[in-house]
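In: predicted structure and sequence below. I'll ask about it afterward.
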Amino acid sequence: DQQVKQNSPSLSVQEGRISILNCDYTNSMFDYFLWYKKYPAEGPTFLISISSIKDKNEDGRFTVFLNKSAKHLSLHIVPSQPGDSAVYFCAASAGSGGSNYKLTFGKGTLLTVNP
Amino acid sequence: GAVVSQHPSWVICKSGTSVKIECRSLDFQATTMFWYRQFPKQSLMLMATSNEGSKATYEQGVEKDKFLINHASLTLSTLTVTSAHPEDSSFYICSANGLDEGGYTFGSGTRLTVV
């Protein structure tokens, strides 16, 4: 039973355009969500997070939107750059942001930004 | 920011042997560390939660006698894959409840190949 789903295995975008990566979850206990960027043979790098008390969080080119009623979140990257090409993982926890709580990851979306 | 050092970055071992992977928090103390496994093009799957000074909590389906976890200090957790088999070949990643924004700091991962 996959509690965090990233239904698009890959996404290709032109440089300068917007990249939108989607994530759905089924566990209503999840209240903290994170996005990670990962290169092959490396650990994930934290990008941005959002608490369930918010519906939007922005950090530079990265914005995460949360729709609790739909159990859906998305990561927007604007403008996309070739250096953004990587696998992006959505993760969720039920610990209100406390880092003693385990994360549940989606399968990831491979983003390719073409020059 | 917080750094988690994971060693070795890759290891090849023969079937039947044991392999130890170390995860160290370099500039902070981590009461909790997590061990994940990732198969190609798959999600990061949590294997176990390691708490300093107590027994690890294993996820359903993970053999605790095969994947031995020790968290003897606030800066070091180890994962030992005992009697390794080719199906144990995978990418293993640790994370610690660190100081970085997002709360979780990941190691760089270990590629284990059992031949």
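Out: Received it, and whenever you're ready, just let me know what you need.

In: list the contacts of A:Met29.
Out: Remark: with contacts taken as CB atoms under 8 Å, 6 or more residues apart in numbering or on different chains, A:Met29 is in contact with A:Ala94. (Each C-beta comes from the backbone N, C-alpha and C, glycine too.)

In: and chain A, is the helix or strand bottoming out on mean pLDDT in chain B touching that?
Out: In chain B, no helix or strand scores lower on mean pLDDT, DSSP states H and E than strand B:104-106, which sits at a mean of 87. Yes. Counting by CB under 8 Å from any CB of the partner chain, contacts between strand B:104-106 and chain A involve B:104-106.

In: parallel or antiparallel, which strands does that strand pair with?
Out: Strand B:104-106 has the following sheet partners, assigned by DSSP bridges: strand B:90-97 (antiparallel).

In: give me the contacts around the partner strand.
Out: Surrounding strand B:90-97, the residues in contact under the criterion CB under 8 Å, 6+ apart are A:41, A:43-44, A:99-100, A:103, B:2, B:4, B:6, B:21, B:23, B:25, B:28, B:30-39, B:44, B:47, B:77, B:79, B:103-112.

In: close to chain B: what parts of chain A are there?
Out: Counting by CB under 8 Å from any CB, the residues of chain A close to chain B are A:2, A:4, A:9, A:34, A:36, A:41-46, A:48-49, A:89, A:97-100, A:102-108.

In: next step: the contacts of strand B:90-97 restricted to strands.
Out: B:4, B:6, B:21, B:23, B:25, B:32-38, B:44, B:47, B:77, B:79, B:104-106, B:110-112 (DSSP state E).

In: give me the buried subset of the residues you listed.
Out: For those, a burial check counting by 16 or more other CB atoms under 10 Å in any protein chain shown picks out B:4, B:6, B:21, B:23, B:25, B:32-38, B:44, B:47, B:77, B:79, B:104-106, B:110-112.

In: with that, I have no additional questions.
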